[in-house]
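**Q** Need coordinates for the below:
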Amino acid sequence: MKRISKLLIIMPLLLSACATPTVKMSLVKTEVLTESEERIAPAKAYLHFTQAQLMLQEGNIDGAIDEHKKAFIYDPNSSFLHTSLAALYARKGAIEDAIREATVAVSLDPYSLNARMILGGLYSVTKNSVKALEEYKTAVSIDPEKPDAYFYMGTIYADIGEFDKALEIMKKLLKIDPESLLGNYYIGRIYANKKLFSEAEVYFKKALEIKPHFDSAILDLALVYEIEGKIDKAIDLYKEMLKSQGHNLKIRNKLGELYIRQQKLGEALGEYKEIERFEAGNIDARLKIGLIYLEQDRPDEAIAEFQLILSANPELHRIRYYLAMAYGEKENMEKAIEELKKIPEGADAYADSMIYLASSLARKKKFDEAIGYIKEALRVEPERVTAWSFLGTLYQEKKDYKNSVDAFRETVRLEPQNAGNYFSLGAAYDKLERFDDMVSAMKKAIELDPKYVGALNYLGYSYADRGIELDEAERLIRKALELKPGDGYITDSLSWVLYKKGDLKEALEVIKEAVRIIPDDAVIIEHAGDLYSAMNDKTAALEFYQKAIDLDPNNVKLMEKVEKLIKEMGK
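**A** Residues are numbered from 1 along each chain as shown. Coordinates of the predicted model:
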């Protein structure tokens with residue numbers, strides 16, 4: 001959240017410091033003044049001060065400063081005049097001069113509350129937190145009921161990250177003035193910075209009770225709602241703001257973002273169209289409109305939006321990339337490739353364009369060409385994990401498992417804490433029949449993510465398939481099924497490990513459930529056949545094997561199994 005505006009610290013003090021004096025100014029004799037001048041010195045000083053106020057009303061700060069200097073001729077030791085001059089210098093931006101005058105004022109009258117407050121504000125502006133706090137603490141000692149001093153102290157403690165101290169000070173302020181708008185608001189902000197969002201919500205709401213249309217509190221409360229996942233409440237706040245601020249494009253943009261998070265693309269589209277209506281050249285709004293059209297399977301409308309942006313901004317290569325994607329959605333790959341090839345090397349979307357081209361070619365089974373484009377993407381972005389992962393997958397499609405392993409090793413090197421990378425590497429090792437390496441990779445995936453269902457099932461099934469570590473295999477598979485109940489493939493794995501353990505009766509009941517869940521998977525159907533065969537129900541086994549062959553007619557091993565069973569049955 002934004003830091004407090006330093007103008008809030010100084011401006012109220014500047015205004016009060018320029019008021020007509022209510023204290024008697026001390027008279028200091030100088031060689032300049034004659035005896036008669038001494039008698040009228042207070043009146044002369046006051047006259048010049050009054051003249052300064054008139055000039056200030058006309059916006060003539062330099063003239064007001066000059067009048068103060070003339071007043072000093074008649075009253076050089078007036079703490080009030082030095083305080084007033086400090087305020088003028090501050091308004092002019094001459095902070096060093098302001099500090100000098102305020103310091104003189106404090107030295108002349110250590111109990112001047114205005115001088116202390118102004119000096120504290122000046123030190124705060126110059127980031128001298130230590131001296132600023134000293135002045136505000138002195139101000140509180142002079143007047144323990146001074147709410148402003150507590151407020152500014154609290155904001156300084158918050159700015160330097162001492163949130164507990166800031167809260168302590170701000171709550172002292174609320175004891176003096178429970179209805180303090182800024183006090184309640186800043187306590188909310190401090191709690192938000194401490195990530196105590198429920199407490200922050202309470203104080204933002206209190207600030208809004210005091211001033212219902214306080215935009216800062218509304219925006220911060222909405223942000224708290226977002227963080228807490230109370231998206232509907234955040235949306236309601238933003239919509240309420242729009243009733244009085246229909247042209248506030250930042251709020252409309254925020255609403256659009258929240259609607260997208262809720263997958264309410266139609267509502268988001270409406271907000272971005274409103275932004276575009278108010279600000280026709282808003283590229284960001286038009287881009288989001290195009291992307292929403294793309295997500296809604298409306299590629300023609302997306303193309304129109306992206307082309308409009310590119311007509312005025314042809315250098316926006318990321319937009320051209322999205323345009324290519326829109327053509328791809330229309331199955332117009334010729335136009336998509338044409339647009340992608342316009343994106344030059346060095347553009348932010350260049351690597352993405354190479355990956356998209358690779359993906360398009362992979363769908364056509366042109367794996368060698370696809371690999372070439374992925375390698376080009378990796379040449380310019382060698383640490384792009386998703387590209388290495390895609391490369392590993394492409395090599396697997398080519399049955400080039402050695403290079404697949406090498407690619408997935410890179411993903412592990414770049415993201416060693418990503419369980420999915422180890423899973424992919426383990427599966428690639430399995431294709432190379434490097435069982436021990438596969439086990440190590442799967443175990444690492446489970447170590448990083450104990451709830452990684454895919455790795456639990458893969459490792460458990462791999463043990464079961466080899467007839468080893470069967471108790472561990474059952475434990476792993478049952479845990480996977482607990483995390484993902486009703487999954488047909490994991491249910492099949494459980495049946496398989498029970499079969500390997502010799503518990504044929506339970507295994508048969510489990511495989512029946514797997515077949516019920518996924519009735520058209522050749523492997524599961526074959527496993528059912530294996531179980532019936534093991535239980536010497538050869539007729540049922542043959543029935544399931546035939547179903548499996550219908551689903552996978554090129555499975556030579558399965559055909560051999562059927563032929564053997566038929567011979568055994570004497571058919």
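
**Q** which secondary structure elements does the helix or strand hosting T393 contact?
**A** If you go by DSSP states H and E, T393 is part of helix 385-397. Here helix 385-397 touches helix 350-363, helix 367-380, helix 401-414, helix 419-431, going by 3 or more CB pairs under 8 Å, 6 or more residues apart in numbering; DSSP states H and E. For every residue, glycine as well, the C-beta is placed using N, CA and C.

**Q** What's the local residue count around G328?
**A** For G328, the neighbour count with other CB atoms under 10 Å is 22.

**Q** Helix or strand next in line after whichever strand or helix holds A528, which one?
**A** Element membership for A528, per DSSP H and E: helix 522-534. Reading on from helix 522-534 to the C-terminus, the next helix or strand found by DSSP H and E is helix 538-551.

**Q** if we can go back for a sec, return the set of buried residues in the helix holding A528.
**A** Residues A522, V523, I524, I525, E526, H527, A528, G529, D530, L531, Y532, S533 are the ones in helix 522-534 that count as buried (16 or more other CB atoms under 10 Å).

**Q** pretty sure T83 is in contact with S107, am I right?
**A** No: taking contacts as CB atoms under 8 Å, T83 lies outside contact range of S107: 11.5 Å.

**Q** Neighbour count for the two, which is higher?
**A** When T83 and S107 are compared on other CB under 10 Å, the one with more neighbours turns out to be T83, at 29 against 13.

**Q** what's near enough to touch that one?
**A** Applying CB atoms under 8 Å, 6 or more residues apart in numbering to T83 gives the contacts A17, E101, A102, A105, S112, N114, A115, I118.

**Q** Domain map for the chain?
**A** 246-329, 520-571 (automatic domain parsing).

**Q** How far away from the center of its chain is the shortest one?
**A** Right, the one you point to is domain 520-571. On the basis of CA atoms, centre = their mean, to the nearest Å, domain 520-571 is displaced by 54 Å from the centre of the chain it belongs to.

**Q** Give me the buried positions along stretch 149-167.
**A** Within stretch 149-167, the residues scored as buried using 16+ other CB under 10 Å are 149-158, 162-163, 165-167.

**Q** Need the max-distance pair from those residues.
**A** A149 and F163 (19.1 Å; CB to CB).

**Q** And A149, how far from R189?
**A** 19 Å (CB to CB, to the nearest Å).

**Q** Look up how far L173 lies from L219.
**A** 22 Å.

**Q** meant to ask about G256, not that
**A** 38 Å.

**Q** out of these two, which sits in the more crowded spot?
**A** Per other CB under 10 Å, whichever of G256 and L173 has more neighbours is G256, with 27 against 24.

**Q** And the helix holding T393, what's buried?
**A** Quick answer for helix 385-397 (16+ other CB under 10 Å): V385, A387, W388, S389, F390, L391, G392, T393, L394, Y395, Q396.

**Q** nearest to E209, of those?
**A** Checking the buried residues of helix 385-397 one by one against E209 (CB to CB), the nearest turns out to be V385, at 49.5 Å.

**Q** which ones are touching that closest one?
**A** By CB under 8 Å, 6+ apart, the neighbours of V385 are E410, T411, L414, E415, N418, N421.

**Q** The contacts of T83 in helices, which ones?
**A** A17, E101, A102, A105, N114, A115, I118 (DSSP state H).

**Q** Show me which of the residues you listed are buried.
**A** A17, E101, A102, A105, N114, A115, I118.

**Q** correct me, but the last one touches L85?
**A** Right, the one you point to is I118. No: between I118 and L85 there is no contact, the gap being 10.4 Å when judged by CB under 8 Å.

**Q** re the thing from before, which one of the domains of the chain has the lowest average pLDDT?
**A** Lowest mean pLDDT of these: domain 520-571, a mean of 89.

**Q** who does the helix holding A528 touch, helix- and strand-wise?
**A** helix 488-500, helix 504-517, helix 538-551, helix 556-569.

**Q** ranking those helices by burial, who's on top?
**A** helix 488-500 (a mean of 24; mean count of other CB atoms under 10 Å).

**Q** if we look at that one, which residues are touching it?
**A** Against helix 488-500 from outside (CB under 8 Å, 6+ apart): 453, 457, 460-461, 463-465, 467, 470, 473-474, 477-478, 480-481, 484, 504, 506-508, 510-511, 513-514, 517-518, 521, 523-524, 527, 530-531, 534.

**Q** Can you give the distance of the helix holding T393 from its chain's centre?
**A** 28 Å.

**Q** cool, and stretch 59-75?
**A** The answer for stretch 59-75 is 53 Å, by CA atoms, centre = their mean.

**Q** list the contacts for the nearest residue to N421 once chain neighbours are set aside?
**A** Distances taken as CB to CB, 6 or more residues apart in numbering put T411 closest to N421, at 4.1 Å, once the chain neighbours are dropped. By CB under 8 Å, 6+ apart, the residues touching T411 are V385, W388, S389, G392, N418, N421, S424, L425.

**Q** hang on, the earlier thing: could I get the ones in helices among the contacts of T83 as JSON lines with pLDDT and distance to E381?
**A** Output for those, formatted as JSON lines (pLDDT from 0 to 100; distance: CB to CB, whole Å):
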{"residue": "A17", "pLDDT": "37", "distance to E381": "59"}
{"residue": "E101", "pLDDT": "93", "distance to E381": "58"}
{"residue": "A102", "pLDDT": "93", "distance to E381": "56"}
{"residue": "A105", "pLDDT": "93", "distance to E381": "61"}
{"residue": "N114", "pLDDT": "93", "distance to E381": "60"}
{"residue": "A115", "pLDDT": "93", "distance to E381": "60"}
{"residue": "I118", "pLDDT": "94", "distance to E381": "55"}
